[in-house]
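Asker: turn this into a model:
(2 chains)
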Amino acid sequence: WICLEMGRLFVIDLQGETYSCKHCHTPFALTDDLISKVLLLISFECCAIPELIPLLYLFVCSDRWICLEMGRLFVIDLQGETYSCKHCHTPFALTDDLISKSFHCKHGRAYLFENVVNVTVGEMEHRIMMTGWHTVADIFCVCCGSLVGWKYEIAYEKSQKYKEGKFIIERFKVLGPDGGGYDMNEDEPMIGSDEE
Amino acid sequence: MGVVEDTEPPLKRAKRDETNGFSGSNSSVRVSSVTNSLGDLMARPLTSSQGDDETIGSKGVIKKSEFVRIITRTLYSLGYGKAGAMLEEESGIPLHHSFVETFMQQVKEGKWDESIVTLHRIGLLDEKDVKAASFLLLEQKFLELLKFDKIAEALGTLRNEIEPLRINTKRVHELASSLISSGPGKENVSSRSKVLEELQSLLPASVIIPEKRLESLVESSLHIQRDACVFHNTLDSDLSLYSDHQCGKHQIPSQTVQESGISLPDKFTVQCSAHVSPFLTVLTFFSDDLFTYILESHTDEVWFLQYSHNGKYLASSSKDQTAIIWEINEDGHMSLKHKLVGHQKPVTAVLWSPDDSQVLTCGAEEVIRRWDVDSGDCLHTYEKGGIGPISCGWYSDGKGIIAGMTDRSICMWDLDGREMECWKGQRTQKVSDIAMTDDGKWLVSVCKDSVISLFDREATVERLIEEEETITSFSLSNDNRYVLVNLLNQEIRLWSIEGDPKIVTRYKGHKRSRFLIRSCFGGYEQGFIASGSEDSQVYIWHRSTGKLITELPGHAGAVNCVSWSPTNLHKMASASDDGTIRIWGLDWINPRNQEKQVQGSSSNGVLHQCNGN
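Answerer: Here you go, the predicted model:
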């Protein structure tokens, strides 16, 4: 059992039973392993790869069901060419704000942006990247909760300070300005990639 | 008898002042000579009042003689003449100098000439005051003579007594002309007590103590206490003199409660009625007949709610594509009056017309509908091909509708659906919030990410509230002087819009990262700010200090909107993604144990007390 206190109590049976959203009947499958205190691993029906959803996004519909809380979302409109969520098409960033395409993550390319909207910022963590230690926070789509990338909070090497306050979006997670997706297997090999 | 010290100085003084010519002063100035009118004994010039150096009270700022005199004055004006006289005797501090007493008596009896003589004998008056007072007395004398048709005498008074004063010549002319223009009662003669009142305001307070002086001192003290009270949320009639006023937190709505004195169906009455009233907190009832303060009629997230202007209804709207009008009875019972069905999209707002007879509902990017509150019928649907409304509002006179549309324009319709105006351009975001102040002066709307436009409809000029962060929603204060702005970064800011817009206070603590959370004003003189939050709690701040007063858990999902009753200072409603509406009221059980009660009531389970155990 894991639980939160006071009205936000919910209990999740981690024995592998399936729970469905009472509103939309999308089946969610919970893994047996709890990844961290703030995230739960959930499988979306539309793709095989499990997504990390922040606990903030989930709430109890009744004693046993949990679901993604949709609420009355506040979504900022972006005018112009944008990168948007591949699940729900929520816009994240303008191509005008793109700084660099040379970053790298486990799903292939990642882009560095000056500013990103319509994401929630998770908890800060220390992570070691290829360029050294950083304090970063994962960012999630406000609408569907899928993990989009991360935000650099602190960089510990002088040469990396320029990244502070900026955002990385994993190319695999978004649709480009032309609406196109991305598959790392079809990408050119990256030379001198920046990031892990 | 009185304190010895009090009477000693007068003894000394009386001997000195015997020469002032007090008729009938009894020179036996023994302490025990209670029978004498102490007014004679206390014959001393007004300049040195007895016990000048004597102070009472812990801070030493209250002069004893002044204090006693004020109390004496109050006793007389309350009608307790005997008590007043007794106090004067016992304390040895007369209310007024004997001259003043004589003077007042003479005025009452209409002995004008004598009163003027006495007036001159009262010290502590400057030339101007004496003249003004004399004028008043002589004027009254004149008017009374006139009233009794003693023309010659009146003329004499005017010529020989009033005119030589050489003040207020205009009035002298008026009086002269009233002599000539015959007709009794041309000049209204005021009563003698009215003259006395006027004299009191003319002469210095230390000579004649103003009536109601003590009352006015106490009132200003109460005002100060009230203003200093952080949680102040009661009517003035609840202020008491017995202890310093300090609203505890228990005056802030904090429990999902029901009014005491509800009538429960029979099966509960026998066992519960004696126990129930003081012990209600959160109740989930088993029967459909019973009224509950968790309102569960919506079948999906509740996104908006608002009390009517007259506090008699509550309207809520939901993702379930309906809006509900709830009726509130005198004893606080809430019942579902109408379910407004017709929208094909979630209803983002439900707004009361200025006269509370109709409501507007806004379907998300769909249409706007206008409904009659009594019948629940849809009176009109407002739509525009290809675009939908994001937000809407009423004209201040209730004769038009304004809406912010998906194409970033603002549309205005009259009630019959004719488009009156349409403003395009200049806006970079869909207008997420729009409102007209109820005096019709300002049209307030979010025009850019972080800018609110205040459009002056008369002067057709625009002022801007320029924020540092994206604005998600706003609300207006009742007096149309303030705008409460909700920001993307979890801050709420209060802006004053009289003159150039300025930030007044900031409120922090609640959580917002994904949803549109609304906040509102409320409580006594709108002295509190309440807001929903994504952590399922309701937050309440003290408006002027920005201090967070309380967080109310209970809901099981984000609280999207709160509304504080405009007529009941102690009632607040909240709408949540858990599909319920909670009505918050006072913790009747034990104000001191409020913290414990909050803990106990926050679960969504059933409270067992009602079962009669």
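
Asker: ranges for the helices of chain A?
Answerer: Counting by DSSP state H, no segments of chain A form helices.

Asker: where does it dip in pLDDT?
Answerer: For chain A, the stretches flagged by pLDDT under 70 are A:1-68, A:188-196.

Asker: which bits of chain B sit near chain A?
Answerer: Counting by C-beta under 8 Å from any C-beta of the partner chain, the residues of chain B close to chain A are B:300-301, B:303, B:319, B:346, B:348, B:428-430, B:432, B:449, B:470, B:472, B:488, B:513-516, B:534-536, B:553-558, B:560, B:577-578, B:602-604. Glycine gets a C-beta too; all of them are placed from N, C-alpha and C.

Asker: please pick the buried ones from those residues.
Answerer: With burial judged by 16 or more other C-beta atoms under 10 Å in any protein chain shown, the buried subset of the residues of chain B next to chain A is B:301, B:303, B:319, B:346, B:348, B:429-430, B:432, B:449, B:470, B:472, B:488, B:513-516, B:534-536, B:553-558, B:560, B:577-578, B:602, B:604.

Asker: can you give me the strands in the stretch 201-350 of chain B?
Answerer: Ranges of strands in the stretch 201-350 of chain B, per DSSP state E, counting those that start in this stretch, are B:255-256, B:294-295, B:302-307, B:313-318, B:322-328, B:334-341, B:347-352.

Asker: element containing B:Tyr76?
Answerer: If you go by DSSP states H and E, B:Tyr76 is part of helix B:64-77.

Asker: thinking again about what came up before, include mean pLDDT when you put the strands of the stretch 201-350 of chain B into JSON lines, please.
Answerer: Below are those laid out as JSON lines (pLDDT from 0 to 100):
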{"stretch": "strand B:255-256", "mean pLDDT": "71"}
{"stretch": "strand B:294-295", "mean pLDDT": "88"}
{"stretch": "strand B:302-307", "mean pLDDT": "95"}
{"stretch": "strand B:313-318", "mean pLDDT": "95"}
{"stretch": "strand B:322-328", "mean pLDDT": "94"}
{"stretch": "strand B:334-341", "mean pLDDT": "92"}
{"stretch": "strand B:347-352", "mean pLDDT": "95"}
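
Asker: out of those strands, which comes closest to B:Tyr524?
Answerer: With C-beta to C-beta, the closest approach to B:Tyr524 among the strands of the stretch 201-350 of chain B belongs to strand B:302-307: 15.7 Å.

Asker: and the residue nearest the centre of chain B, which of the three is it?
Answerer: The centroid of chain B falls nearest to B:Glu525 when counting by C-alpha atoms, centre = their mean (5.7 Å). Of the three states, B:Glu525 takes helix under DSSP: H, G, I helix; E, B strand; the rest coil.

Asker: next one: the helix or strand harbouring B:Phe142 to chain centre, how far?
Answerer: Using DSSP H and E, the element containing B:Phe142 is helix B:127-147. Chain-centre distance of helix B:127-147: 42 Å, with C-alpha atoms, centre = their mean, to the nearest Å.

Asker: can you tell me the closest non-neighbouring residue to B:Gln200?
Answerer: B:Ile208 (4.9 Å; C-beta to C-beta, 6 or more residues apart in numbering or on different chains).

Asker: so what's that neighbour up against?
Answerer: By C-beta atoms under 8 Å, 6 or more residues apart in numbering or on different chains, B:Ile208 lies in contact with B:His96, B:Val100, B:Met104, B:Leu199, B:Gln200.

Asker: how close does the fourth one get to B:Gly110?
Answerer: Okay, so that is B:Leu199. 14 Å (C-beta to C-beta, to the nearest Å).

Asker: who's more crowded, the two?
Answerer: Between B:Leu199 and B:Gly110, counted using other C-beta atoms under 10 Å in any protein chain shown, the more crowded position is B:Leu199 (22 against 14).

Asker: is the more buried one in a helix, a strand, or coil?
Answerer: Looking at B:Leu199 with three-state DSSP, the answer is helix.

Asker: from what I see, it and B:Ala133 are in contact.
Answerer: Yes. Checked against C-beta atoms under 8 Å, the pair B:Leu199 and B:Ala133 is within contact range at 5.8 Å.

Asker: so what's the residue count around A:Tyr162?
Answerer: Residues lying near A:Tyr162 (other C-beta under 10 Å) number 12.

Asker: quick one: residues contacting the closest residue in space to it that isn't next to it in sequence.
Answerer: Spatially, and ignoring its direct neighbours in sequence, A:Tyr162 is nearest to A:Ala155 (7.9 Å; C-beta to C-beta, 6+ apart). Applying C-beta under 8 Å, 6+ apart, we find A:Ala155 in contact with A:Gly132, A:His134, A:Lys161, A:Tyr162, A:Lys163, A:Glu164.

Asker: rewinding a little: need the residues that contact the helix holding B:Tyr76.
Answerer: Contacts with helix B:64-77, where a contact means C-beta under 8 Å, 6+ apart, come from B:49-52, B:54-56, B:81, B:83-84, B:87-88, B:91, B:93-95, B:209, B:211-215, B:217.

Asker: which parts of the following helix or strand past it are buried?
Answerer: Proceeding N to C from helix B:64-77, the next assigned helix or strand is helix B:81-91, under DSSP H and E. Residues B:Gly84, B:Ala85, B:Leu87, B:Glu88, B:Glu89, B:Glu90, B:Ser91 are the ones in helix B:81-91 that count as buried (16+ other C-beta under 10 Å).

Asker: same question, stretch A:153-162
Answerer: Residues A:Ala155, A:Gln160 are the ones in stretch A:153-162 that count as buried (16+ other C-beta under 10 Å).

Asker: now do it: distance from first to last residue.
Answerer: The straight-line separation of the ends of stretch A:153-162 (C-alpha to C-alpha, to the nearest Å) is 11 Å.

Asker: cool, and stretch B:415-434?
Answerer: For stretch B:415-434, the end-to-end distance is 18 Å (C-alpha to C-alpha).
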